Structures are given as C-alpha cells and as structure tokens.
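>>> Below: sequence and its predicted model.
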Amino acid sequence: MTDVITAPQATERGTAVEFRALRRTYGSAHALDGLDLALKPGELLALLGPSGCGKTTALRLLAGFDTPTSGQVLIGGKDVTGIPASKRDTGMVFQAYSLFPTMTAAENVAFGLRMRRVGAAERARRAAELLEVVGLGDRGGSYPHEMSGGQQQRVALARALAVSPSVLLLDEPLSALDARVRVQLRDEIRRVQLAEGITTLFVTHDQAEALAVADRVAVLNKGRLEQVDTPQEVYTRPATEFVAEFVGVTNHVPVEDGRIRPGADTRQVRPEGLTVGDPDGLSGTVLTSTFLGAVTRLVVTTEVGELIVDVTSRPDLPAAGEPTTVTLAP
Amino acid sequence: MTALLEAPAAPPERVRSTRSWAAALGLLPFLGYMLVFLGGPLFFVISGAFSDPDGRPTAANVLASITEPQYRAAFLSSLVLSAVTAVIGAVFGTFLAQAVLIGRPDSPLRRIVATASGVLAYFGGVPLAFAFIAALGQTGLATVFLRGIGIDLYAGGFRIDSLTGLGLTYVYFQVPLMVILITPALEGLLPQWREAAENLGASAWTYWRHVAFPVLAPALGGATLVLFGNAFAAYATALALTSGSIPLLPTAIASALSGNVLANQQNVGLALGFDMVVVIAVVMVGYLFLQRRAARWSSR
C-alpha cells in the first residue's frame, strides 16, 4: 500500500457537495430513504454498499440523470435539484464502454470543450495535456476499440476532467477491469484527483477499493446511511453490525478478560485480530488453509464455531485437518 | 515455467485435417442448393444475355438493354422508385423504431410493432396490390371516405396505378422492413453514451449529431441499400397494381421474355436480367462494406 492511497489529503480547492434528506422511490421500493451526506471541498468520498443499496441512485441524482422524489442536491451551496445534467458542471466516469466509439481518444477528451465552443487549437492542446496526465500521451489518435479496458477508462477520466468540472463522479469505474489494472488505475485516479483538488464521489461495492482510495467512506444499506468516517474508523470501529459484516470479514468471538471464553459476551474480531499456535488458546481443527501471499487464511472449527484467522505466511502453520489453538492476537 | 502455464499440445495434423473434411461435408447440401437455385439460373441469365437467338456470342443484347429508350425508361423508373421508397422507408422506419424503443422493453406497444413489422415487411405481391386498390382505388374505401369529408384524391391528379401510387404501396412494406433492420442498431446505442454526452454539456440534438448518428450511419446506409434492393426486385406488386402500364425493369423483363411486345426479345430480356444482377451486386457489395464498418464500433 502506498502513502498516496492511505493518507487523507483533501485540499480546500474543490467544491462542497451536499445531499439533503434525499429520497428516491420507485413505486413502493425506496432506493434512497432520506440521505443526508456532505462532501468537503476537494475530498474523495467513497460511497460503499452492496448492489441495490442506493449508491448509484445517489450518484445519478447528483449527476442530474434522475430526479429525487424529495430532498435537495447542493453543489457549491447552490441547489441544483432541478437543473439538467448538461448544466451541472460535473464530470463522470462510467463503469465501462462509455467512450464515443467513432471518436479517437483525443476527440473523446475534447468533446466537452467542443460542446462549450472552445476553439479547435485550445481543444487539441487541452486533450493532449490531459492524455499526458493519465499516461496516454501517445494514444491520442487511437479509437476506443483499439485500446484495452484500462486505457479506455483512463481516457474516460481525462474526458471527465477536460471541462474542469466542480465535482468528479466515478460510477464503479474499475469494476470491469482485471485485478492488476484495477489497482494501477485506482492509484492513478487518486493521484490525479489530488493533483486537481477536485471533490470526488466514488461509488463502489468493493470495500477494499473504498478503504484504499478514499478520504472518507460512506456505507449505505437499503437506501440509508449506516456510517460515514475515515477508512480506518470504518474498519476498526464499525458503527453497526451491517458495516462490520460488509467492510471486511468479521468473527463473532466470546471474549472475557482479553481471552476467548466460551459462553462469554461476543465481540466482533477481524481475522487479523486472531492468531494460532498459543498452547493456552481455544482448541480447534483447521478446516481449510488458503495461501494469500503475505498472509494465510485459516478457517478453524472450534467449540464456539468456525473462526477465520489471518496469519503471516510461514512454513510451520498447521495444514487442513490438523489440530491447533486460537487466541486473540497481541 | 510450471506445467499449468504450458500451452496445450496441438492436435495431430491428421486429426485436424479429418475434422475439417467432416465440416466441409456438412456444407455440401447448402452448396448443392446454391448451385441449383442460384448458380444455374445465374449462368443461364449471363450466357443468354451475351448470346444471340442462335447461340452465337454477342454484346448487342446488353447494349440494347441500356441504350434503347423503352428499356432506359424502365431502368430509370425502377431506380427512382426504389431510391425514393428506400429513403422514405428508411426515414419513417428509423423514427418509428426509435419511438418504440424509448418505451419499456416489455411494453405491449413494442411487442405489437415488432410483430406487425415482421408480418407487414413481407406482405407484398398481389394481396398487397389488391389491398391498396380496395383502399385507394377510384372507388376504394379510403378514397370514398376522403371524398365524403371534402378531400378528392383523384381530382388532385392521384392514381393508384401511377408511379406515386406504386411508391405509396412500396412504402407500406419498406417502413416495417426498416424497423426490423434498424432496431438492433438502435438498441446498440449504449445509454451511457447519451449520459456521457449530456454530462459533458451536449443537448439532445448535439448528442444525435455528434455521437449517435456517426455510430448509426453504416447501419442506416446498409439498411437503406437493402430497402433499395427490395424495391428494385419487386415484381408481383407492380404488375398487379399497374398491369405493366408503368415501365419498370422487372415488368420489362417479363414482357421481353414472354414476347409480349416484340418476338425474339428473350435474349434482351436476359440482358435486362443481367443488368439487374449487376445493380443488386453493387448494392450487396455496398451493404457488406457498410456492415463491416458498423461492426467496427461494436467490437468493444
């Protein structure tokens, strides 16, 4: 993990965004049920939640592609609820395949400037500059079908930034990419966002992505906000059972006096909060052992149920079927 | 390198060659069909077009088919009729298809238009001609009704057996055919293109002009060419509606082959048929070219 990703570095250059008592219903279904959320100027806020939790609805309401049933959307303190999408001054990166297929990368990036009647020379200069920013300075003449998914999303990011919008909206922009490109582009989005100092709403269902990239994470469930806080707080101090379950893996462990005691009150403990091999620990049998690189994930059957334990990978770890003991990590 | 990363071993050459022979055998019935119903007639038309009645080779028939006034008139009428009805059909068909696609995918209107288009696109020939005579003939239902409300079509110079009447009849099957042909291309316009354009400040008009139309252009061009070919080759509708009173290429071919006008014109009839084959071949080449361009945008 790089410091670029972990350190919250919001600037004061951006524009504030606010959702006020935002509600969106489809028939009897509540996609958003009174969302109150504010984005600070220049911060990157990740809107995290499972499918159907209302996160994309919130983003579309901010972009102006949908109309709320009630409530307000404010950009820079101004109510934009009734303003059409083309006049909201937001830049958006979609999940995938949003580049205009008959235009080159440079023409795609320059499209918004063309709509604003910027001269051809200035459009070309700005497009070349932004393609350089996203690392595609040499691909300005390529068509979308000649580029990989990651390159297309980079162009989409450059296109969204070309018009210098007040707010950047990212609708699961990494979900269609493979794991390696995903991490690369995630870092790049954060780098560009910090450089531009632009207020950004990043919608994702991937908790690792949200924790890695955001200044703050807002967790949504069934159209309601469960928690808004820094990634560290959301992970270490989840406000609700749902947040604990959704953001990372959680064990329900009976704990008393700093030890696992069957029958005691249960506490939520992350897999890295447990360890194996202490002779005084709770006895169990390793059900599965999964090598994940730096760590190995063990599922241990004990008298208090199955416990998931993440331990640093080493050769002497018990294998599947072997006995072990589980304790709280020091 | 681990075993998992190794490329799978190529099948032995002999096995592959046997497989490709077996696959080619499966094509035999189709090739036989093509030979009997396309190759044979084509050979008959071309060899007849370039022979005199005694079987000696000559280019006189083909020259006559493109230089003699009555055949030139037929050629011109067919080209104009086909081009005009293709363009009208393309414009109205595209608007109709788009209007229907705006609704919900499972809407009854969408299903009705799709089904009706499937039926009406192939509702041509004699039944269609009689339907139009019954509706818009001198004493047709629509003619009488319009006359009753003060609109006299025939006083305005309209005739169902004129080129205009024939064009109107052709449009009846051209519009639904266009709906069938263009709907997949319209469905291929991704919603995020529209939203991205809107997000970047485009109005509905600028979206269609700069984004949607360039994507659709090859498909629109290709579909219009198919409509052109469809009208160019239509025979029964024209004959039943006009009884051959309007010179068109298909009816001119029929007259020449049956010796209705002049004796010993069968070879000129075949030469006219050859001209038609050339026009349709040009249309097909253009269509294939445009289809390949359309496929470029869909290879995401």
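Alright, I've got the coordinates.
>>> from here on, contacts and neighbour counts on C-alpha atoms
OK.
>>> So which elements touch the helix or strand hosting A:E209?
A:E209 is part of helix A:207-213, with elements assigned from DSSP states H and E. On a contact count with 3 or more CA pairs under 8 Å, 6 or more residues apart in numbering or on different chains; DSSP states H and E, helix A:207-213 meets helix A:3-6, strand A:44-48, helix A:179-196, helix A:231-236.
>>> got the CA coordinates for it in PDB?
In PDB, the C-alpha atoms belonging to helix A:207-213 read as follows (Å, rounded to 0.1, in the frame of the first residue of the first chain):
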ATOM      1  CA  GLN A 207     -14.700  -2.400   0.300                       C
ATOM      2  CA  ALA A 208     -11.000  -2.900  -0.200                       C
ATOM      3  CA  GLU A 209     -11.100  -0.300  -3.100                       C
ATOM      4  CA  ALA A 210     -13.100   2.100  -0.900                       C
ATOM      5  CA  LEU A 211     -10.800   1.800   2.000                       C
ATOM      6  CA  ALA A 212      -7.700   2.200  -0.100                       C
ATOM      7  CA  VAL A 213      -8.700   5.200  -2.100                       C
END
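>>> List the contacts of the residue of chain B found nearest chain A.
When distances are taken as CA to the nearest CA, chain B reaches nearest to chain A at B:G201, 4.2 Å away. By CA atoms under 8 Å, 6 or more residues apart in numbering or on different chains, the residues touching B:G201 are A:A85, A:S86, A:K87, A:G112, A:M115, A:R116.
>>> Over to B:G124?
B:F173, B:A236, B:T237.
>>> Tell me the most packed of those residues, by neighbour count.
Within those, neighbour counts (other CA atoms under 10 Å in any protein chain shown) peak at B:F173, which reaches 24 neighbours.
>>> can you give me phi and psi for the closest residue to A:L44 other than its chain neighbours?
The shortest distance from A:L44 to any non-neighbouring residue, by CA to CA, 6 or more residues apart in numbering or on different chains, is to A:T200 (4.6 Å). Note on A:T200: backbone dihedrals following degrees, to the nearest 10 are phi -130, psi 130.
>>> one step back: so which of the contacts of B:G201 are also by chain B?
A:A85, A:S86, A:K87, A:G112, A:M115, A:R116 (CA under 8 Å from any CA of the partner chain).
>>> Assess the claim that A:R186 and A:E172 are in contact.
No. Using CA atoms under 8 Å, A:R186 makes no contact with A:E172, being 10.7 Å away.
>>> pLDDT below threshold where in the chain?
Unless you meant another one, I'm taking chain A. For chain A, applying pLDDT under 70 flags the ranges A:1-13.
>>> nope, chain B
In the predicted model of chain B, residues B:1-17, B:259-264, B:297-300 satisfy pLDDT under 70.
>>> Show me what from it comes close to chain A.
Counting by CA under 8 Å from any CA, chain B sits next to chain A at B:190, B:192-193, B:195-203, B:211, B:214-215, B:296-297, B:299-300.
>>> What's the PyMOL line that selects buried ones from those?
In PyMOL syntax, the buried subset of the residues of chain B next to chain A is picked out as below (16 or more other CA atoms under 10 Å in any protein chain shown):
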select buried, chain B and resi 192+193+195+196+197+198+199+200+201+202+203+211+214+215+296+297
